[in-house]
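Novice: Below: sequence and its predicted model.
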Amino acid sequence: MIEVVILDIEGTICPISFVKEGLFPYFLEKLPTYLEKLEYPITKNGTSDVNDIGSEFGSEHTESYEDLLNYITELVKNDVKQPALKTLQGYIWTKGYASHELKAPLYDDAIKFVENTKKSKKIYIYSSGSVKAQKLLFTYVEGKDGQVLDLKPSITDYFDITTSGYKNEAASYRSILASIGYEKNPEAVMFLSDNVHEIKAASEASMQSVVVVRPGNVPLSTDDKETYKTINNFDELGI
Ligand SMILES: CSCCC(=O)C(=O)COP(=O)(O)O
Ligand SMILES: [Mg+2]
């Protein structure tokens, strides 16, 4: 029996288009304003959040404003899951969510699933987006008639690539199982994601794993469709 559910975010509970056409462009638009304020070459000084996050991009990219802006822009365009980038994105999105310029358009079935499932199972999140960015997304969910829903109380805890490692490695899922006290009972944990590499890694760690198919996601190969359980909607899970 499933006791714990772990959810991916992008392509699973919200459309990839929200990230690629909403969050990433917002980040790139605001980025120059933040980077312009820093002194180059950047050195970690413990006095400014953005300065110290900036220093994490490494000395080869932080010599000048132009170097850093170009480097970060390339990372975003190639959707590189780089820890410093993910931290900086979470930082910059804070204002966008607080002003309601950004609201997370979660799928209706995902909202219903989270609200109903929290009564009987623990729900965790594991996303490449930073824990800060994940919490923002759950705090500012787009509801009906322009309302904002706060789903954060429904989530037990959050994991990202800095807490647990990269999402296509089985070791990351084993580390999460240990954190939540399920290393001896991994089959009671279900992981849901749009990404087959993540599903493969979670299965290797003996979690029950399900591919979530949504419009705009990377299509599955015939082989993947035969290998993994798939759903189009959380209502199909019946848990
Ligand atoms: C939750 S923050 C926005 C999404 C993001 O930056 C990201 O990398 C999402 O990756 P996921 O692991 O949720 O597919
Ligand atoms: Mg995803």
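Specialist: Great, that's in hand. Numbers count the residues shown, from 1 in each chain. Ligands and ions are numbered 1, 2, ... in the order given.

Novice: Spit out the contact partners of whichever residue of the chain sits closest to ligand 1.
Specialist: Of all residues in the chain, G129 sits closest to ligand 1, at 2.2 Å by C-beta to the nearest ligand atom. (Glycine included, C-beta is placed from N, CA and C.) Residues near G129 by C-beta atoms under 8 Å, 6 or more residues apart in numbering: 9-10, 86, 89-90, 137, 160.

Novice: Flag every buried residue along the helix ranked longest in the chain.
Specialist: Counting residues, the longest helix found in the chain (DSSP state H) is helix 83-98. For helix 83-98, a neighbour-count test (16 or more other C-beta atoms under 10 Å) marks 83-93, 96-97 as buried.

Novice: can you put these in CSV and add distance to ligand 1 and pLDDT?
Specialist: Compiled in CSV, these are given as follows (distance: C-beta to the nearest ligand atom, whole Å; pLDDT from 0 to 100):
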residue, distance to ligand 1, pLDDT
P83, 11, 95
A84, 13, 96
L85, 9, 97
K86, 6, 94
T87, 11, 94
L88, 11, 96
Q89, 6, 96
G90, 7, 94
Y91, 12, 94
I92, 11, 96
W93, 8, 97
G96, 12, 96
Y97, 11, 96
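
Novice: tell me, which of those make contact with ligand 2?
Specialist: Here nothing survives when the buried residues of helix 83-98 are matched to ligand 2 using C-beta under 5 Å from the ion.

Novice: which one among these gets closest to V213?
Specialist: K86 (25.2 Å; C-beta to C-beta).

Novice: Do you know the pLDDT at the residue nearest to that closest one when sequence neighbours are not counted?
Specialist: Nearest non-adjacent residue to K86, counting by C-beta to C-beta, 6 or more residues apart in numbering: S130, 4.4 Å away. The model reports S130 with a pLDDT of 94.

Novice: The host helix or strand of D109 packs against which elements?
Specialist: Assigned by DSSP states H and E, D109 falls within helix 108-117. If contacts are counted by 3 or more C-beta pairs under 8 Å, 6 or more residues apart in numbering; DSSP states H and E, helix 108-117 sits against strand 4-7.

Novice: correct me, but S130 touches Q82?
Specialist: No. Assessed by C-beta atoms under 8 Å, S130 is found out of contact with Q82, at 10.9 Å.

Novice: Dump the C-alpha coordinates for stretch 89-107 into PDB.
Specialist: Extracted in PDB, the C-alpha atoms of stretch 89-107 (Å, rounded to 0.1, in the frame of the first residue of the first chain):
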ATOM      1  CA  GLN A  89      16.000  31.800  -9.900                       C
ATOM      2  CA  GLY A  90      14.300  31.200  -6.600                       C
ATOM      3  CA  TYR A  91      15.600  34.500  -5.300                       C
ATOM      4  CA  ILE A  92      14.400  36.500  -8.300                       C
ATOM      5  CA  TRP A  93      11.000  34.800  -8.600                       C
ATOM      6  CA  THR A  94      10.200  35.800  -5.000                       C
ATOM      7  CA  LYS A  95       9.200  39.300  -6.000                       C
ATOM      8  CA  GLY A  96       7.300  38.100  -9.000                       C
ATOM      9  CA  TYR A  97       5.100  35.800  -6.900                       C
ATOM     10  CA  ALA A  98       4.700  38.400  -4.100                       C
ATOM     11  CA  SER A  99       3.400  41.000  -6.600                       C
ATOM     12  CA  HIS A 100       1.100  38.300  -8.200                       C
ATOM     13  CA  GLU A 101       2.900  38.900 -11.500                       C
ATOM     14  CA  LEU A 102       3.600  35.200 -11.300                       C
ATOM     15  CA  LYS A 103       1.000  32.600 -10.200                       C
ATOM     16  CA  ALA A 104       1.500  28.800 -10.600                       C
ATOM     17  CA  PRO A 105      -1.100  27.300 -13.000                       C
ATOM     18  CA  LEU A 106      -1.300  23.800 -11.500                       C
ATOM     19  CA  TYR A 107      -3.500  21.300 -13.300                       C
END
